[in-house]
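>>> 3D, please:
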Amino acid sequence: MALYNLRSADGDWRITKFDNDLNPLQSYLVSTEACECPAGVRPTCRHRQMLPKMLAVQAEDSGMFYDFEADQFLATEVSEPELPSTSSGDNHDSDCATHNEPAYPNGPCDCTLAKSHPSGITIKRRF
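Numbering: from 1, shown residues only. The predicted structure is shown next:
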């Protein structure tokens, strides 16, 4: 499945194609009259077919992606990744300062799970 998104570009728009892992593959400047893609010399191309649909749902400069083959829009959703437990059974990480003994005196809690973790990005069906 290839996904496309739309960005504004100096009075025109840029449609970028992404693979399933959201790696950019190709990017073309497009308007209602012309497109930089190899099929841009034809009367129409898929990018010029996508453009009015993307503008109609305000996909420009948003987190939305368009699946041309399924004719569906997808939105990105940021979610926290599930982290493995490092708890030692007393609700503190095994490397928490509360477990320093016998080598050092126990210290105040400094669990790593209390710190923020990077967010992951998932894609869900929009409409």
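>>> next one, pLDDT for residue 71 please.
On pLDDT, residue 71 comes in at 90.
>>> please name the nearest non-neighbouring residue to it.
Nearest residue to residue 71, sequence neighbours excluded (C-beta to C-beta, 6 or more residues apart in numbering): residue 53, at 8.0 Å. To be clear about C-beta, it is placed using only N, CA and C from the backbone, and glycine gets the same treatment.
>>> got the phi and psi for that neighbour?
With angles defined as degrees, to the nearest 10, residue 53 sits at phi -70, psi -40.
>>> where do the strands of this structure begin and end?
Here the chain has its strands, by DSSP state E, at 3-9, 12-18, 24-30, 64-67, 72-79, 120-125.
>>> mean confidence for the last one?
With pLDDT averaged residue by residue, strand 120-125 scores 50.
>>> and the closest residue to residue 66 other than its chain neighbours, how many neighbours?
Nearest non-adjacent residue to residue 66, counting by C-beta to C-beta, 6+ apart: residue 4, 4.7 Å away. Number of residues near residue 4 (other C-beta atoms under 10 Å) recorded here: 22.
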